[in-house]
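J.: Could you look at this predicted model? Sequence included:
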Amino acid sequence: MRKIKLYHISYDTSEPLDKEFVPKIPKNCATGENESIERICLSDSIEGCINAAEDNLRNYEDADKAIIVVWEKEFSFPDDKLMCWPYLYENNFVPDAALTHEYWYLEKVRMQGSFYEISNINHAISNKKLVYIIKPKYKEKVLQVISKHGIDTKSITKLDLYTLVNDWLPIISKDKFDIIIEDLKREIRIPYNTDEEILDYKNIFDTLLSRNSIIDIDSQKIYHHLTITKKYAK
């Protein structure tokens, strides 16, 4: 039986370190994130938790450090109450699950916490890494674009798109990376105007509305230079 340690964090240091968590719908779901399944959101790293709500760290920019509560617990696989990040990503429950390695636990669970210090916050904010988030349904198209640039894709068909584009591709094709990203932006697009809008426009103005499109790739800057140190527990 495989085991994994998962984490949940809070910037509110008045929270109890011995805490029972109850599944709920997050108040601030990301765009495209599931809003019907009650869950406890976890990650397999503290940095993943921080990046899941990355704006919170900016409140501590002046101090250049922050104390947070980190709860952790070891979970076992298989567990039908635990939804893993590849499943959440591939099924579009959490669009950036491959970035944050978000897991869901679907029942109450008690976790033990400790205080951690995040330092060098200014440096981390100044050196955030730009990453691209592409929906799994575009994998074949991504592989086609990469192949067009003479790169062998046979060994990467099992990689998730986040890892492929943000970790593998920059190493394999340093010189072509920006060109490939621009090609992907041209290829991965969705209609801006709906069929209903086009029909309404024709009925009103007796002419067709141009069918425009927008890029269906998200980008985000993430922390990857954080110094996170365990301080103490009550």
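T.: That came through fine.
J.: Please make it C-alpha for all contacts and neighbour counts, starting now.
T.: OK.
J.: What are the buried residues along stretch 125-133?
T.: Neighbour counts over stretch 125-133 (16 or more other CA atoms under 10 Å) mark Ile125, Val131, Tyr132, Ile133 as buried.
J.: how near is the first one to Thr163?
T.: This points to Ile125. In this view, Ile125 and Thr163 are 22 Å apart by CA to CA, to the nearest Å.
J.: Could you do the last one as well?
T.: Using CA to CA, one gets 10 Å for the distance from Ile133 to Thr163.
J.: Would you mind checking which helix or strand in the protein has the lowest mean pLDDT?
T.: Taking mean pLDDT, DSSP states H and E as the measure, the helices and strands of the chain show their lowest mean at helix 195-205, namely a mean of 61.
J.: Show me what the next helix or strand after it is packed against.
T.: Using DSSP states H and E, the helix or strand that follows helix 195-205 in sequence is strand 213-215. Under the contact criterion of 3 or more CA pairs under 8 Å, 6 or more residues apart in numbering; DSSP states H and E, strand 213-215 touches strand 189-191.
J.: which neighbours does the strand it packs on have in its sheet, and in what orientation?
T.: Note on strand 189-191: by DSSP bridges, its sheet partners are strand 213-215 (antiparallel).
J.: what pLDDT, on average, does the partner strand get?
T.: The pLDDT scores in strand 213-215 average 81.
J.: One more: stretch 127-147?
T.: Stretch 127-147 shows a mean pLDDT of 94.
J.: How about stretch 75-86?
T.: Stretch 75-86 comes out at a mean pLDDT of 92.
J.: In the protein, which residue is most central in space?
T.: Nearest to the geometric centre of the chain sits Asp96, at 2.5 Å (CA atoms, centre = their mean).
J.: Tell me who's in contact with that residue.
T.: Asp96 sits next to Tyr89, Ile133 when contact means CA atoms under 8 Å, 6 or more residues apart in numbering.
J.: tell me the phi and psi of it?
T.: When read as degrees, to the nearest 10, the backbone of Asp96 gives phi -110, psi 20.
J.: What of the one 5 residues further on?
T.: Backbone torsions of His101, given as degrees, to the nearest 10, read phi 50, psi 50.
J.: Quick one: the helices in this protein, in order.
T.: Ranges of helices within the chain are 46-52, 85-90, 97-100, 121-126, 139-148, 161-163, 169-172, 177-187, 195-205, based on DSSP state H.
J.: need those helices in JSON lines with distance to Met111, can you?
T.: Shown next, in JSON lines, are those (distance: least, CA to CA, whole Å):
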{"stretch": "helix 46-52", "distance to Met111": "15"}
{"stretch": "helix 85-90", "distance to Met111": "20"}
{"stretch": "helix 97-100", "distance to Met111": "20"}
{"stretch": "helix 121-126", "distance to Met111": "27"}
{"stretch": "helix 139-148", "distance to Met111": "37"}
{"stretch": "helix 161-163", "distance to Met111": "30"}
{"stretch": "helix 169-172", "distance to Met111": "38"}
{"stretch": "helix 177-187", "distance to Met111": "41"}
{"stretch": "helix 195-205", "distance to Met111": "50"}
